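> Could you look at this predicted model? Sequence included:
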Amino acid sequence: MLYSFIIPVYNRPDELLELLESITQQTHQNFEVVIIEDGSEQSSEAVVRSFQDRLDIAWYPTTGRIGQGFSRNLGFTKAKGDYFIILDSDTTIDPDYLENLDRHLNEHELDAFGGPDRSPRVATPVQQAIDYCMTSPFTTGGIRGRKNQVDKFYPRSFNMGFSREVYEATQGFNLPYLGEDIELSTRIMEKGFSTGLVPDSPVYHKRKTSFLNFYKQIHFFGRARVNLYKLFPHTLKLPHLFPAVYLCYFGTAAVGTVILTRKGHRKGALLLAPWALYQLLIFTHATMTKKSLKVGLLSTIGVNVQMIGYGAGFIQDFVKRVVLKKK
């Protein structure tokens, strides 16, 4: 089978270079690489050209930004493969990524698939903390490429693939962003195609380097969940509501504690007891998982950034688009 890597890129020539370098090391050689330059100010053309003697690679620039979903659609029209594999440009893969994927597809005959999302081998303590927040069963419920999930498996676009037959049936992405991968995964399932996790084909995903950038990213994810709810109400699950509930509880408890304390109620701080216990749980689990007290402490900060950011984005768009019915 011929595989086509579809990689949209926006202002990330240096990170694309690292990804392409990892692709050159594949033990399975039957593949091509299609790069879509989505209106970048920092072009990746020179990087792509430097790999032309080592990869079957093509570069297609767009006129202005069209969004990562539609960039991938352009890639599908240019690709020749039997299977399309979508990767984010800020990832890298192991040399046996394709070999493991090819073996898994031959054994399980999946129509669509995805792999785990892991932290890079070299990461700052903040990036390790953010990685914990993005993959912990106590935050996301383990929905980003884990075997034990709280919900059925939806391939995610940081490490997602499907057959040409799936593409022809779905015509790819309907959204440029704001939950475009879950929207496509939902339509794939509704059309009766099989999906599954390929546990031995992970990507190593560069995390945000600051909690401010992490907040911006996760706030966007909260808004995307409302977008998906408008399209597919049944995809909204309890874990998706947890950050909004967390934000409402924390804000109410913090204000209540201040008011009661000023009035002389010594037990006012008990309102924050559930929050404190949750922080202790995160600190303990993150420290054990990452084997670092520093990362454990940073993870407690990261979890609050994650919950407040996602919750704020979700509440913002839920009120605007569902309650007030604005487009």
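Everything's here; your move. Being a predicted model, the structure only gives us computed values, none of them experimental.

> partners of the lowest-mean-pLDDT helix or strand in the chain in the sheet?
Comparing helices and strands within the chain by mean pLDDT, DSSP states H and E singles out strand 117-118 as the least confident, with a mean of 86. Based on DSSP bridges, the strands next to strand 117-118 in the sheet, each with its direction, are strand 203-205 (parallel).

> Quick check, pLDDT for the residue of the chain most remote from its centre.
If you look at how far each residue of the chain sits from its centre, by Cα atoms, centre = their mean, the farthest one is residue 264, at 46.0 Å. For residue 264, the pLDDT comes out at 79.

> Flag every buried residue along the strand or helix carrying residue 4.
Secondary-structure assignment from DSSP states H and E places residue 4 in strand 3-9. Buried positions in strand 3-9, judged by neighbour count with 16 or more other Cβ atoms under 10 Å: 3-9. Yep, even glycine has a C-beta here, placed from its N, CA and C like the rest.

> Just list what it packs against, helices and strands only.
Applying 3 or more Cβ pairs under 8 Å, 6 or more residues apart in numbering; DSSP states H and E, we find strand 3-9 packed against helix 13-24, strand 31-37, helix 68-78, strand 83-87, helix 97-108.

> now the ones you listed as a markdown table including mean neighbour count?
Listed next are the helices and strands packed on strand 3-9 as a markdown table, based on neighbours: other Cβ atoms under 10 Å:
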| stretch | mean neighbour count |
| --- | --- |
| helix 13-24 | 18 |
| strand 31-37 | 23 |
| helix 68-78 | 20 |
| strand 83-87 | 25 |
| helix 97-108 | 17 |
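
> Nearest to residue 153, out of those?
Closest to residue 153 of the helices and strands packed on strand 3-9, according to Cβ to Cβ: helix 97-108, at 12.3 Å.

> got the angle for the closest one vs strand 3-9?
Orientation of helix 97-108 against strand 3-9 (axes from the mean of the first three to the mean of the last three Cα atoms, to 10 degrees) gives an angle of 130 degrees.

> Contacts for helix 97-108 next, please.
With Cβ atoms under 8 Å, 6 or more residues apart in numbering as the test, helix 97-108 has contacts from 1, 3, 26-28, 31, 83, 85, 110, 113, 115, 161, 196, 198, 200-202.

> per-residue confidence averaged over it?
96.

> ditto for stretch 13-31
Across stretch 13-31, pLDDT averages out at 96.

> Could you check how many residues crowd around residue 173?
The tally of other residues near residue 173 (other Cβ atoms under 10 Å) stands at 22.

> picking that back up, please list the outside residues in contact with the least confident helix or strand of the chain.
The set of residues that contact strand 117-118 without belonging to it, under Cβ under 8 Å, 6+ apart, is 131, 134-135, 144-145, 156, 158-159, 202-205.

> Dump the helix or strand following it to PDB, restricted to CA.
The helix or strand immediately downstream of strand 117-118 is helix 125-135, counting by DSSP H and E. Once non-C-alpha atoms are left out, helix 125-135 reads as follows in PDB (Å, rounded to 0.1, in the frame of the first residue of the first chain):
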ATOM      1  CA  PRO A 125       9.500  21.200  32.600                       C
ATOM      2  CA  VAL A 126       6.700  23.500  31.500                       C
ATOM      3  CA  GLN A 127       6.200  21.400  28.300                       C
ATOM      4  CA  GLN A 128       6.200  18.200  30.400                       C
ATOM      5  CA  ALA A 129       3.600  19.700  32.600                       C
ATOM      6  CA  ILE A 130       1.400  20.700  29.700                       C
ATOM      7  CA  ASP A 131       1.900  17.200  28.200                       C
ATOM      8  CA  TYR A 132       0.600  15.700  31.500                       C
ATOM      9  CA  CYS A 133      -2.400  18.000  31.400                       C
ATOM     10  CA  MET A 134      -3.200  17.100  27.800                       C
ATOM     11  CA  THR A 135      -3.000  13.300  28.400                       C
END
